[in-house]
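Participant: Curious how this folds, go ahead:
(2 chains)
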Amino acid sequence: KAGVTQTPRYLIKTRGQQVTLSCSPISGHRSVSWYQQTPGQGLQFLFEYFSETQRNKGNFPGRFSGRQFSNSRSEMNVSTLELGDSALYLCASSTSGGEVEKLFFGSGTQLSVL
Amino acid sequence: ILNVEQSPQSLHVQEGDSTNFTCSFPSSNFYALHWYRWETAKSPEALFVMTLNGDEKKKGRISATLNTKEGYSYLYIKGSQPEDSATYLCAPATGNQFYFGTGTSLTVIP
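Facilitator: Alright, predicted model coming up:
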């Protein structure tokens, strides 16, 4: 069974640009959540999607958005990039996103904003 | 937002030593407590999910306990091995949302 796949693995952008990250969950998983990891910070929750609907959103500016497709694949978009957006972005999937379900993480996308 | 604290921040132990770390969280807002292991250059991997006060889980040399009334969980590693070197994350979960701590970085010296 294939794991969670994130693309691209690395990205370099400049300030003001926008970026789209992709996440393909494990087959059969309908919940996809996104996290940001910066040095010294824990995994910061961005948002969670289930059956194409955003159920939860973390405390991030509106420049961060996402969506989920009917095949459960998810994309995350960051517009008007800032230097502080440089981070590792992880997505995780689970069957239905319940609190007792283990999360399965992808390898992440390392975003560098210059 | 849940305030989750993990201690210590980092730990160096000799191979064969036993060790433990702490995860503290507000006891009122809670449904499940997760532990994940994150090895360098890999993805975080789930270790345990616990929900009941007094719950204990074990996986090989690693075990965890949960105290929901006082809001803490302990992770124990018995006879640490170099392959145990990783960052250990805890995450209380409530309302379909997971709140990760900053982790404890463990280095096991051969």
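Participant: alpha carbons only for contacts and neighbour counts from here, please
Facilitator: OK.
Participant: Could you pull up phi and psi at residue A:85?
Facilitator: The phi/psi pair for residue A:85 (degrees, to the nearest 10) reads phi -80, psi -10.
Participant: Distance check, the residue nearest to it when sequence neighbours are not counted against chain B.
Facilitator: In this structure, residue A:85 finds its nearest non-sequential neighbour in residue A:113, 6.8 Å apart by CA to CA, 6 or more residues apart in numbering or on different chains. Applying CA to the nearest CA, to the nearest Å, the value for residue A:113 to chain B is 21 Å.
Participant: for residue A:113, which residues make a bridge with it?
Facilitator: With DSSP bridges as the criterion, residue A:113 is bridged to residue A:13.
Participant: show me the contacts for it.
Facilitator: A:12-15, A:81-86 (CA atoms under 8 Å, 6 or more residues apart in numbering or on different chains).
Participant: tell me which strands and helices the helix or strand of chain B with the lowest mean pLDDT is in contact with?
Facilitator: Using mean pLDDT, DSSP states H and E, strand B:97-98 stands out as the lowest-scoring helix or strand of chain B, at a mean of 88. Judged by 3 or more CA pairs under 8 Å, 6 or more residues apart in numbering or on different chains; DSSP states H and E, strand B:97-98 is in contact with strand A:44-50.
Participant: pLDDT averaged over the strand it packs on, what's the number?
Facilitator: Confidence over strand A:44-50 (mean pLDDT, whole number) is 94.
Participant: Any figure for the gap between the residue of chain B found nearest chain A and residue B:44?
Facilitator: As assessed by CA to the nearest CA, chain A sits closest to residue B:102 within chain B, at 3.9 Å. Distance of residue B:102 to residue B:44, given as CA to CA, to the nearest Å: 13 Å.
Participant: ok, now residue A:79?
Facilitator: Counting by CA to CA - residue A:79 and residue B:44 are separated by 27 Å.
Participant: can you check residue B:51 too?
Facilitator: Distance, residue B:51 to residue B:44, using CA to CA: 20 Å.
Participant: now residue A:59
Facilitator: Distance of residue A:59 to residue B:44, computed by CA to CA: 22 Å.
Participant: Between these two, which is the more surrounded one?
Facilitator: Neighbours per residue (other CA atoms under 10 Å in any protein chain shown) separate residue A:59 from residue B:44, with residue B:44 holding more: 23 against 10.
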